[in-house]
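Undergrad: Kindly return the folded structure for what I paste below:
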Amino acid sequence: MKKIIPFLIIILLGFLLFYFNLPVINYGFTQLGIILIFLLILTIFITTKLEVNPKTKQLKILSKPNKFILYLVVLLLIYVIGFPILTSLPMFRSADYQKLIGKVENGDKISTHIAPISMDEIRVVDEDLAYLLGEKVLGTQPALGSQVQLGNFCIQKVNNKLYWVAPLLHSGFFKWLNNKEGTTGYVMVSATNERDVKLIQNVEGKPVKIKYQQNAYFQSDIHRHIYFNGFSTVGLTDYTFEIDDSGKPFWVVTKFTKKIGFSGNDATGVVIVDVETGALKQYSIANTPKWVDRVQPIDFIENQLNDWGEYVNGYWNFSNSNKLKITEGLTLVYGHDNKSYWYTGLTSVGKDESAVGFVLVDTRTKKTTFYKQGGATEYAAQSSAQGKVQEKGYFASLPIPYNINNIPTYVMTLKDKGGLVKMFAMVAISDYTIVGVGNTMRETLTSYKNVYNMADNKINPQTESTKKTVESVISRIQNDVKNGNSFYYFTVKDYPNIFVGSSQISNQLPVSIVGDKVKISFDIDNEEVIDVSSFENLNMKN
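TA: Residues are numbered from 1 along each chain as shown. Okay, the predicted model is just below:
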C-alpha cells in the first residue's frame, strides 16, 4: 500500500495540472496522455530505490519499478505517439486530406463573381498602413497611448463599408492591474479612405470596456475565460476582434474538429464572446450572425487548398503530375453577392510567374469555386507595378482583385520605405505587362485603360467590343490639372454622366469647345465620371 500512495498522489497532481492548464493541445485526452506519461516516468524514479557503492562508485538498483507502471507508460506512448502517426500521416490518408476542402466547383469567369466597383470603394489601406494610422491616432491621446497598445487589425464590413478594426489592449501586467475593468475602446480605419480614422470609446452612449482580451491576466485572459466555461476539450482558434453593425465589439473564436486522425483541422462553428461581460454564445456555421464576416480561419483554408492540389494523384506522385499550389497566400475580398471570400491564385508546382486559375472560398460556409483561367500571380503583378516606378524605389502592397469595367484587375498601392502611400497601380490579371500607375486612383484608371485598350485586340482577338458609342454635342467642358497632368471633363446633351479624357486619348480633345459635335466611345460602368476610350471631334472633319 505504501508503494501505491506516491503513485496515487502524482496521478492526482496530474489531473489537477490537466484541469488548470491552458488548452495548448486542443484535445483533452491527448493532453491528459502526455501529462500522464510524464508523471508515470516521474513515479518510476520516485518508487525505484537506488544505492551507490562507496568503494566502486557504481549505481545499484535495490528494487525494480512496478511492471504495471512500465506497461502503462508503453501503452500511453503508443496512444500519444504511435496512434496519431498511423491515423494522421498523409502517406496513409492522402485521399482524405485531398477532399478536406470539400467539393470544388468550376466557375466560368472570375469577372462574373467579383462585383464591379466604383473608385471610392477600392481598398487603398492595407493592414500595415492601418496599423501606422492607428498608432498615429493613439499618439494624439498621451494619457491613453501610455497605457494601451493596438491589437491585430481585422478587416470587415460595417454597415456595408469596409473597415480595419483593432482593439486597444493592455501594454503590460501593471497596466492591467491598475485597469482590471478593461481598456477603453477600439480603433477603426477605413479601408477605402486613409483620412477616415476613428478612436471609438462609446457605443450607443455607453463606454466601451474590453475586459476580456489576450493581454489580460488570470480569469480575464480570453483564452482562459473560454476554457473554463465549457470549452476545455474543444478545438478553438482564430481569436478575431469584430464589431456588429451597431459598433458593439465581440471576440469571434472558431470552433474546430480534427477530421483525419489527430490532424485535418476543420471549422464547425464559432463562439462569440462579449468583450465586457464575458457572456458566451456558440453557433453552428449556418446559424452564425450575419455581421460575422469570417468563420473559416485563413490557415485552415490555406492548408486545405494546398492539400487539394498536392494530393490530386495521391501521395506517391514523384513526377508532380497535375499538382497545384497556392501563390502568394490568401486575401479577403468581397463578391457581387456582398459576401466575403478568401482569394488566391493557383499555379503548377515549379511555376512562379503565371497562374493556371484562381480560387474563391466563402469565408463562412467554405464553398469553393475554381476559375480555370490563366493569368498573373500576385507576385508577378507586384513586380510589374514596382518595375513601372523602379526609379522611385516604391514597394507594392498585396494585390486585391477587382472587376474594373469587366476587366479582372489587380489593384495595389505603391508605398515608400516609411510605409506611406505615394502612388497607385492597376495590373491586368490576364497579362501582367498591362500596367497603369498614377498619383490618384482616377489618374491610375485612365492610364490603365489606355494601355489595356491598346492591347485589347491582342488579348481578346475574338471577343466583341463591349464599348458604347455616342454621337452628341458638347454642353460643358473644363480642364483640370492634377500632379502635372491635364484632364478634360465634359458633358454632352442627352447623356447624364460626366466624361473625362486626356490628350493621350485624342489631340482634338484639348481644342474642343461647347457646341462641337463629337463621337465618343466608353465602357459602361457604375461611375458618375466615365473615362472615354476614344474621342473624335466631328466638326474638325471639314
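Undergrad: okay, stretch 528-542 in CSV with CA atoms only?
TA: Presented in CSV, the C-alpha positions along stretch 528-542 are these (Å, rounded to 0.1, in the frame of the first residue of the first chain):
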residue,chain,number,x,y,z
GLU,A,528,-20.6,59.1,-62.2
VAL,A,529,-17.4,60.1,-64.1
ILE,A,530,-16.6,57.9,-67.0
ASP,A,531,-13.3,57.6,-68.8
VAL,A,532,-13.6,57.8,-72.6
SER,A,533,-11.8,55.2,-74.7
SER,A,534,-11.8,57.3,-77.9
PHE,A,535,-12.7,60.9,-78.8
GLU,A,536,-13.4,62.4,-82.2
ASN,A,537,-14.4,66.0,-82.9
LEU,A,538,-16.7,65.7,-85.9
ASN,A,539,-16.6,69.5,-86.5
MET,A,540,-12.9,69.2,-87.4
LYS,A,541,-13.5,66.9,-90.3
ASN,A,542,-14.4,69.9,-92.5
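Undergrad: where exactly do the helices run in the chain?
TA: 4-20, 28-47, 67-77, 83-88, 90-99, 127-139, 142-145, 173-177, 222-227, 298-310, 378-388, 441-459 (DSSP state H).
Undergrad: Now do the same for the closest residue in space to residue 505 that isn't next to it in sequence: its pLDDT.
TA: With sequence-adjacent residues excluded and distances taken as CB to CB, 6 or more residues apart in numbering, residue 505 is closest to residue 535, at 5.2 Å. In this view, the C-beta of every residue, glycine as well, is placed from N, C-alpha and C. Per-residue confidence (pLDDT) for residue 535: 91.
Undergrad: Now do the residue nearest to residue 262 when sequence neighbours are not counted against residue 231, distance only.
TA: Closest residue to residue 262 apart from its sequence neighbours, by CB to CB, 6+ apart: residue 84 at 3.9 Å. Going from residue 84 to residue 231 by CB to CB, to the nearest Å gives 22 Å.
Undergrad: Make sure residue 279 is actually in contact with residue 271.
TA: No: counting by CB atoms under 8 Å, no contact exists between residue 279 and residue 271, whose distance comes to 10.9 Å.
Undergrad: Give me the more crowded residue out of these two.
TA: Here residue 279 and residue 271 are compared on neighbour count by other CB atoms under 10 Å; more neighbours surround residue 271, at 21 against 12.
Undergrad: isn't the more buried one right up against residue 280?
TA: Yes: applying CB under 8 Å, one finds residue 271 in contact with residue 280, separated by 5.8 Å.
Undergrad: what residues are shared contacts of the two?
TA: residue 226 (CB atoms under 8 Å, 6 or more residues apart in numbering).
Undergrad: burial count for the closest residue to residue 375 other than its chain neighbours?
TA: Counting by CB to CB, 6+ apart, residue 429 is the residue found nearest to residue 375 once chain neighbours are left out, at 4.3 Å. By other CB under 10 Å, 26 other residues sit near residue 429.
Undergrad: Contact partners for residue 429?
TA: When contacts are taken as CB under 8 Å, 6+ apart, residue 429 is in contact with 110, 358, 375-376, 381, 401, 408-410.
Undergrad: These in strands, which ones?
TA: Judged by DSSP state E, strands contain the following of the contacts of residue 429: 358, 375-376, 401, 408-410.
Undergrad: which of those residues sit farthest apart?
TA: Spanning the widest gap among these are 358 and 409, at 12.6 Å by CB to CB.
Undergrad: Please say which of those two ends up with more neighbours.
TA: For residue 358 versus residue 409, the count of surrounding residues by other CB under 10 Å is larger for residue 409: 28 against 25.
Undergrad: So the more buried one sits against residue 403, correct?
TA: Yes: assessed by CB under 8 Å, residue 409 is found in contact with residue 403 at 7.4 Å.
Undergrad: Mind telling me which of the helices of the chain the model trusts least?
TA: Lowest mean pLDDT within the helices of the chain: helix 4-20, a mean of 53.
Undergrad: so who does residue 120 touch?
TA: Residues 192-193 are the ones in contact with residue 120 under the rule CB under 8 Å, 6+ apart.
Undergrad: repeat for residue 204
TA: The contact partners of residue 204, taken as CB under 8 Å, 6+ apart, are 246-248.
Undergrad: What separation is there between residue 250 and residue 291?
TA: The gap separating residue 250 from residue 291 is 9 Å, by CB to CB.
Undergrad: do the same with residue 161
TA: Between residue 161 and residue 291 the computed distance is 13 Å (CB to CB).
Undergrad: In terms of neighbours, single out the busier of these two.
TA: The residue with more neighbours, out of residue 161 and residue 291, is residue 291; 18 against 14, by other CB under 10 Å.
Undergrad: which ones are touching the more buried one?
TA: Remark: with contacts taken as CB under 8 Å, 6+ apart, residue 291 is in contact with 158, 242-245.
Undergrad: Now list the buried members of the residues you listed.
TA: Neighbour counting with 16 or more other CB atoms under 10 Å marks 158, 242-244 as buried within the contacts of residue 291.
Undergrad: I'd like to know which of these is nearest to residue 346.
TA: residue 242 (28.8 Å).
Undergrad: number of nearby residues for the nearest residue to the closest one once chain neighbours are set aside?
TA: Distance criterion CB to CB, 6+ apart; nearest residue to residue 242, sequence neighbours excluded, is residue 252 at 5.0 Å. For residue 252, the count of nearby residues is 23 (other CB under 10 Å).
Undergrad: what residues are up against residue 252?
TA: Residues near residue 252 by CB under 8 Å, 6+ apart: 238-242, 270-272, 292, 294.
Undergrad: so of these, which ones are in strands?
TA: With strands identified by DSSP E, the entries of the contacts of residue 252 that belong to them are 238-242, 270-272.
Undergrad: Which of those ranks first by neighbour count?
TA: Neighbour counts for the ones in strands among the contacts of residue 252 (other CB under 10 Å) peak at residue 270, which has 27 neighbours.
Undergrad: Next one: that residue relative to residue 307, how far apart?
TA: Spatial separation of residue 270 from residue 307 under the definition CB to CB is 23 Å.
Undergrad: cool, and residue 441?
TA: Taking CB to CB as the measure, residue 441 falls 38 Å from residue 307.
Undergrad: Name the residue in the two with the higher neighbour count.
TA: Neighbours were tallied for residue 441 and for residue 307 using other CB under 10 Å; the higher tally belongs to residue 307 (20 against 17).
Undergrad: Wait, the more buried one touches residue 102, no?
TA: No: with contact defined as CB under 8 Å, residue 307 and residue 102 do not form a contacting pair (11.8 Å).
Undergrad: what lines up beside the biggest strand by length in the chain in the sheet?
TA: For the chain, the strand with the greatest residue count under DSSP E is strand 467-482. Each strand pairing with strand 467-482, determined using DSSP bridges, is listed with its direction: strand 485-492 (antiparallel), strand 517-523 (antiparallel).
Undergrad: how much space between the closest residue to residue 442 other than its chain neighbours and residue 171?
TA: The spatially closest residue to residue 442, leaving aside those adjacent along the chain, is residue 119, at 6.4 Å (CB to CB, 6+ apart). From residue 119 over to residue 171 the distance is 39 Å, taken as CB to CB.
Undergrad: for residue 489, same thing?
TA: 50 Å.
Undergrad: Likewise for residue 191?
TA: Using CB to CB, residue 191 is found at 26 Å from residue 171.
Undergrad: Tell me which of the two has more neighbours.
TA: Applying other CB under 10 Å to residue 191 and residue 171 shows that residue 191 carries more neighbours, namely 24 against 16.
Undergrad: The nearest residue to that one once chain neighbours are set aside: neighbouring residues, count only.
TA: The spatial neighbour of residue 191 that comes closest, neighbours along the chain excluded (CB to CB, 6+ apart), is residue 162 at 4.0 Å. By other CB under 10 Å, 19 other residues sit near residue 162.
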